[in-house]
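In: Below are the sequence and a predicted model; questions follow.
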Amino acid sequence: MKLISGLDRFHVGVFHRQSIQKQDRDSVIYLDGSFDDINNFVSIECAGIIIDLENIFSHVISLFLTKDVFIIALNKDEISNLKEDHKYFFDLKNLQISERIVSYVQEPLFDTKIVSELITTDKKKINIFSTIKSIKNAEDSKKMGICRAGLVSVEFLMSESQKYSKSELEAELFRICATMGGEVTIRLYDFAIDKLPPWFEFFEESKNLRGIRLANNTDYEIFVVELLEIILKIKKFYNISVLVPFVTNSREIQYVRDILSERDAEIADTIKVGAMIETPYAVFAAADQNLDADFFSVGTNDLLQYFYGCGRDDTSSSYIDPYSCEFIKLLKTMNDETKRKTKICGQLPLFPYMLELLMVLGYHSFSITPNCIPMVCSKITQFNVSKHEKKIKEIISAQDNQRLKEYLSDHF
């Protein structure tokens, strides 16, 4: 039995085998990885997910990693012993499942007194930031001792508003910065099929444009300009930086710097402007120092999709394999100097063993959704990076995908 994700120690749930119709907040559902309809996964509401240990590398897992559910992997015998429609008691700290529902006081699975800089067992320093999509995210993050936001997703703010309001957006961003207290990185709008607020509408000729490319359309440029004006205003009070999504070249970064400078050159000089790395081309451009950015953030969700030629809104994401040596070699392309000013964002660090592998590859900063921070921090403080560097380098050089997965499963 292996714990993949979870926040609370104790859970009670009714067990179902792939029964989407029975799913609810009291269900614990077994998924064998055979589903093709991605929309079914996304819409599931349940208490927990059970997967087969043999499917621990399945991309299906990633769809639940940012949800407030626990995920455990069992062997086939353990799964076959679970009875359909039967209520079970799950103790995720001791990794025990029993039919006897014992009385308990709910407690967190991990110590939530966390600090932003963590130390591995071999004394490597790892930085943890929060990925923020709401005021509640900021509040939860602060409670756990994480006072820095590696990415604020602006398109998720004002999520219940039917009409765009600059003043409302400004108020929400001020509240987030005031709540966090530390360094906050605000990403410019990155509208996509799964990130569309009620007040936003794509025009037909622009529906395939992403990130900063959308600003090339005059109908959308006003959103970018007004957000940068808000950032200039907030910068007078808080330590904030700007992250430019879907960057292809330095002209797009300079475009943002020019808007800032035209409105307040003095404050603009104090604002760091970073590039979001979301395509294989951008990885190589950053590695070759052809992107004039103050820092980088690797958007692993999009990077995986574009590496494999998959979209956000279709079932082709089942082709994605984050554990392939080809993809890992892409991440290795960054030199040490570039990695030092790079954060890893998105779901990739939440895949089984992937956080540890990223640390072995030399990445030291991660932006994580608040509900996953305790799990991530626990893994960091129990891991020895140096112990695995030589062997991982050897396996990746040999491009042996199966051997890599076996090594990760046996040693991480």
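Out: Received it, and whenever you're ready, just let me know what you need. Numbering: from 1, shown residues only.
In: Chain neighbours aside, what residue packs nearest to residue 164?
Out: Leaving aside its chain neighbours, residue 164 sits nearest to residue 199 (4.5 Å; criterion: CB to CB, 6 or more residues apart in numbering). To be clear about C-beta, it is placed using only N, CA and C from the backbone, and glycine gets the same treatment.
In: do residue 62 as well
Out: Distance criterion CB to CB, 6+ apart; nearest residue to residue 62, sequence neighbours excluded, is residue 347 at 4.9 Å.
In: residue contacts, the one you found?
Out: 62, 65-66, 300-301 (CB atoms under 8 Å, 6 or more residues apart in numbering).
In: ranking those residues by neighbours, who comes first?
Out: residue 300 (25 neighbours; other CB atoms under 10 Å).
In: mind listing what that residue touches?
Out: Contacts for residue 300 (CB under 8 Å, 6+ apart) come out as 322, 344-349.
In: pLDDT weak spots in the protein?
Out: 18-22, 33-43, 60, 193-194, 202-207, 218, 311-318 (pLDDT under 70).
In: For the residue of it positioned farthest from its centre, give me its contacts.
Out: Largest separation from the mean C-alpha position in the chain: residue 100, at 36.0 Å (CA atoms, centre = their mean). Residues in contact with residue 100 (CB under 8 Å, 6+ apart) are residue 89.
In: and residue 265, how many neighbours?
Out: Residue 265: 9 neighbours (other CB under 10 Å).
In: ok, now residue 50?
Out: Count around residue 50 with other CB under 10 Å applied: 25.
In: Report the beta-bridge partners for it.
Out: As for beta bridges, residue 50 partners with residue 30, residue 72 under DSSP bridges.
In: so it touches residue 72, yeah?
Out: Yes - shown here, residue 50 and residue 72 form a contact pair, counting by CB atoms under 8 Å, at 5.9 Å.
In: And the strands in the stretch 251-400 of the chain?
Out: With DSSP state E, counting those that start in this stretch as the definition, the stretch 251-400 of the chain shows strands at residue ranges 273-277, 295-299, 342-345, 365-368.
In: Export those strands as a markdown table, with columns for mean neighbour count.
Out: Putting the strands of the stretch 251-400 of the chain into a markdown table (neighbours: other CB atoms under 10 Å) gives the following:
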| stretch | mean neighbour count |
| --- | --- |
| strand 273-277 | 26 |
| strand 295-299 | 25 |
| strand 342-345 | 26 |
| strand 365-368 | 26 |
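In: Which of those sits closest to residue 87?
Out: Among the strands of the stretch 251-400 of the chain, the nearest to residue 87 by CB to CB is strand 365-368 (32.2 Å).
In: what sits up against that closest one?
Out: 126-131, 149-151, 297, 342-345, 349-350, 355, 358, 376.
In: Now with 7 Å, please.
Out: For strand 365-368, contacts defined as CB atoms under 7 Å, 6 or more residues apart in numbering pick out 127-131, 150-151, 342-345, 349, 376.
In: show me the contacts for the residue nearest to the spatial centre of the chain.
Out: Central residue of the chain (CA atoms, centre = their mean): residue 346, 2.5 Å from the mean position. Neighbour list for residue 346: 299-301 [criterion: CB under 7 Å, 6+ apart].
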